[in-house]
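Engineer: Here is the input, now give the coordinates:
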Amino acid sequence: MRIDNRASLLSYSATFIALIAAGSWISIPFIPVPLTLQTLFVLLAGVVMRRHAVIPVTLYLIMGALNLPVFHNGTAGIGILLGPTGGYLLGFLPAALIAGLAYERASKFVRVTGLALASLMIYLFGVSWLSYSASIPILEATILGMVPFILGDAVKLYAAYVIGERLE
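Structural biologist: Numbers count the residues shown, from 1 in each chain. As a prediction, this is how the structure comes out:
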């Protein structure tokens, strides 16, 4: 799928901002980080919009930083970005870019690898920031902020890939 004009870019961006925000409301409380569907829609943005997926993700983060209630369960503000979940949210940017660049290639291997690397990027940013912001060792942050989510994120990665295949 190609985005070949500004109208398409605008409509896809608005759609993915809305989907990522809606995915934040589908939340299962975990401590210290809730399980949401945001990552599915970040990956799908990369699948559909390719490298342009950074646009809706950036706008989503700006909207949340400007106190629009788009983060998990309607939270908003710089405090969320500076809190334990902030690293995961900021990890959406490189994740969208990695997934998007991978989907500019026709190779299924590259696409799956790109989705996996995108998910790992969210974990890298998230766990690192969780460790720093909560003043806990990186191993503990990994156990709290990554291990419980691996299976769910694998399902979301698979879903993004299958949906992407259907859209081709």
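Engineer: going forward, measure contacts and count neighbours with C-alpha atoms only.
Structural biologist: Will do.
Engineer: Now do the lengthiest helix in the chain: distance to the chain's middle.
Structural biologist: If each helix of the chain is counted by residues according to DSSP state H, the longest one is helix 108-133. Distance of helix 108-133 from its chain centroid, counting by C-alpha atoms, centre = their mean, to the nearest Å, is 9 Å.
Engineer: Run through the neighbouring helices and strands of it.
Structural biologist: Contacts defined by 3 or more C-alpha pairs under 8 Å, 6 or more residues apart in numbering; DSSP states H and E place helix 108-133 against helix 38-49, helix 86-102, helix 138-145, helix 150-167.
Engineer: Just the buried positions in that helix, please.
Structural biologist: 110-112, 114-132 (16 or more other C-alpha atoms under 10 Å).
Engineer: Could you give the average pLDDT over it?
Structural biologist: Average pLDDT, helix 108-133: 98.
Engineer: Mean neighbour count added to the helices and strands packed on helix 108-133, as JSON lines?
Structural biologist: Below are the helices and strands packed on helix 108-133 laid out as JSON lines (neighbours: other C-alpha atoms under 10 Å):
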{"stretch": "helix 38-49", "mean neighbour count": "27"}
{"stretch": "helix 86-102", "mean neighbour count": "25"}
{"stretch": "helix 138-145", "mean neighbour count": "17"}
{"stretch": "helix 150-167", "mean neighbour count": "15"}
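Engineer: quick one: contacts of the lowest-mean-pLDDT helix or strand in the chain?
Structural biologist: Counting by mean pLDDT, DSSP states H and E, the chain has its least confident helix or strand at strand 27-28, which shows a mean of 77. Contacts with strand 27-28, where a contact means C-alpha atoms under 8 Å, 6 or more residues apart in numbering, come from 34, 35, 36, 37, 72, 73.
Engineer: In CSV: those residues, plus distance to residue 85, pLDDT and secondary structure.
Structural biologist: Listed next are the contacts of strand 27-28 as CSV, based on distance: C-alpha to C-alpha, whole Å; pLDDT from 0 to 100; DSSP: H, G, I helix; E, B strand; the rest coil:
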residue, distance to residue 85, pLDDT, secondary structure
34, 8, 71, coil
35, 11, 78, strand
36, 12, 87, strand
37, 14, 93, coil
72, 9, 88, helix
73, 13, 86, helix
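Engineer: If anything else comes up later, I'll come back, but that's it for now.
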